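[1] Model the structure of this input:
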Amino acid sequence: MDIRERLENIHRVFPLTKPKRSVGSGVDIDKIIPGEEISTQYGTCFRTVEIYPHTHGHGAISLNLMDEVDSRIYGIIGRDRSLSGVDMRNAVYIDTETTGLAGGTGTVPFLVGLGYFSGENFHIEQFFIRDYNEERAMLLLISKKFKDFDAVVSYNGKSYDINILSTRFILSRIDDSVRNLPHLDLLYVCRRLWSRRLANCTLLNIERSILGFNRDEDVPSYLIPGLFFNYLINRDARPMMMIFKHNRQDIVSLALLTALVGKIYQNPLDFLDHPLDLLSIGRSFRSENLPEMASVCFEKAKECCSEKHTAEEILRSLGYTFKHLELWERAVEVWREIISISPDSIFAYEELAKHYEHRLKDYGKALDIVRSALSKIDILEGLYNKNISYEREALKYRLARLMRKLNRRGKKWV
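    Okay, the predicted model is just below:
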């Protein structure tokens, strides 16, 4: 969205004249959103509950997909062993709407949505402050609520939502019951899976591109603080309906994405068919020391790929994985394939030379490969004016070592 579209959105939502505070002429929140006022020792706030059936979903993904996921997979997905074995049906899915998007001690969460499974249904509780003096009551209620769950799921919550809430808990002298919960932040998961293919990994783009869901008449996030400030002035809660809906849609998407990535990591070949996605999840498996799963994904990516640069990248990852698994013959096949499609890939020559020198002790074969690589460097520097001095020096060092080894064997090698 460019600056012109942003300005048009702002002018459409906000009047050009400064709103005046009016008394008694607004529309109360409970008149447009079914809910109730909740009383606590610190005062009151507004709460509403929406219940979704287990068949509800966005696009082709429904909430009951969560039933098919082995909870042990989430330790790998989140790169956090504390998530291993946590049943995500016992997690709380959180999204906040705040008075600013930059964070800091002056940023106040005015709407906190909590989603959770209960029985066959998915519940979303939303806590709303009708003025700043209700914040402490809201924080007390959600602090108690967090204690009912085994984990928290968010989208960018590690950098934003949870930090905002923790700051407000401290300032309000309320127990920060969310900070120590195992935390699955789906932003980082989505980036690992899809950032190589998608222009961005905002939740909206993930919904469109991965879940196949397009929101109707959604309010942009950057307009939400201004809508709340207008509400504080004119007490007209009607524009708040858009924010409550936006918040609920975010939370449903969190639950759907949690189920979907669980299924993807369990059976990647059943859900992924784009070579970049398969390359990404393969690298994720490799970083988690699961080379067998990584190799399966890389081999499938190789089959799907028709673009030369991507194919070389996939083959490079596949070769290193076979090397890690000590599948030497398959690794050699991959390095030779790289050279066949990209003769200027010096690293493939180096890997072959290492294999023949250190594994097979075939110093003559290794020497031939090193000389071939050096000749390729000469061509590259001549054609493209590339400076490959580091690779040249490394190969020259290997060449000298190989010649010494051959001389010790009593062979004269020219």
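[2] Where do the helices of the stretch 251-400 of the chain begin and end?
    268-271, 275-287, 291-304, 308-324, 328-341, 346-354, 363-384, 389-408 (DSSP state H, counting those that start in this stretch).
[3] Take these and lay them out in JSON lines including distance to Met88.
    (Each C-beta comes from the backbone N, C-alpha and C, glycine too.) Formatted as JSON lines, these follow (distance: least, Cβ to Cβ, whole Å):
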{"stretch": "helix 268-271", "distance to Met88": "17"}
{"stretch": "helix 275-287", "distance to Met88": "18"}
{"stretch": "helix 291-304", "distance to Met88": "21"}
{"stretch": "helix 308-324", "distance to Met88": "29"}
{"stretch": "helix 328-341", "distance to Met88": "36"}
{"stretch": "helix 346-354", "distance to Met88": "40"}
{"stretch": "helix 363-384", "distance to Met88": "50"}
{"stretch": "helix 389-408", "distance to Met88": "47"}
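[4] Relative to Leu101, which of these is closest?
    helix 275-287 (27.9 Å; Cβ to Cβ).
[5] could you dump the closest one to PDB, C-alpha only?
    This file holds the C-alpha atoms of helix 275-287, laid out as PDB (Å, rounded to 0.1, in the frame of the first residue of the first chain):
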ATOM      1  CA  PRO A 275      10.900 -26.000  -4.400                       C
ATOM      2  CA  LEU A 276      11.700 -22.900  -2.300                       C
ATOM      3  CA  ASP A 277       9.300 -24.000   0.400                       C
ATOM      4  CA  LEU A 278      10.800 -27.500   0.400                       C
ATOM      5  CA  LEU A 279      14.300 -26.000   0.500                       C
ATOM      6  CA  SER A 280      13.300 -23.900   3.500                       C
ATOM      7  CA  ILE A 281      11.800 -26.700   5.500                       C
ATOM      8  CA  GLY A 282      14.700 -28.900   4.700                       C
ATOM      9  CA  ARG A 283      17.100 -26.400   6.100                       C
ATOM     10  CA  SER A 284      14.900 -26.100   9.200                       C
ATOM     11  CA  PHE A 285      15.100 -29.900   9.700                       C
ATOM     12  CA  ARG A 286      18.900 -29.800   9.200                       C
ATOM     13  CA  SER A 287      19.300 -27.000  11.800                       C
END
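[6] any idea of the angle that helix forms with helix 291-304?
    For helix 275-287 against helix 291-304, the angle by axes from the mean of the first three to the mean of the last three Cα atoms, to 10 degrees is 170 degrees.
[7] where in the chain is pLDDT low?
    Residues of the chain that meet the criterion pLDDT under 70 lie in 1-25, 103, 381-389, 410-414.
[8] please redo it, this time with the cut-off set to 50
    Counting by pLDDT under 50, the low-confidence segments of the chain come to 14-24, 414.
[9] Domain-wise, how is it divided?
    If you go by automatic domain parsing, the domain ranges for the chain are 3-14+21-266, 268-337, 343-414.
[10] Mind putting those into TSV with mean neighbour count?
    TSV is the format used below for those (neighbours: other Cβ atoms under 10 Å):
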stretch	mean neighbour count
domain 3-14+21-266	18
domain 268-337	18
domain 343-414	15
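[11] centre of the chain versus stretch 94-109, how much separation?
    With Cα atoms, centre = their mean, to the nearest Å as the basis, stretch 94-109 stands 21 Å off its chain's centre.
[12] again with stretch 134-146
    From the chain centre to the centre of stretch 134-146 is a distance of 28 Å (Cα atoms, centre = their mean).
[13] ranges for the helices of the stretch 1-150 of the chain?
    Under DSSP H, counting those that start in this stretch, the stretch 1-150 of the chain gives helices at 3-13, 29-32, 74-77, 135-146.
[14] What lies in contact with the third one?
    In other words, helix 74-77. Outside helix 74-77, the residues within contact range by Cβ atoms under 8 Å, 6 or more residues apart in numbering are 81-86, 88, 184, 189, 261-262, 265, 284-285, 288, 290.
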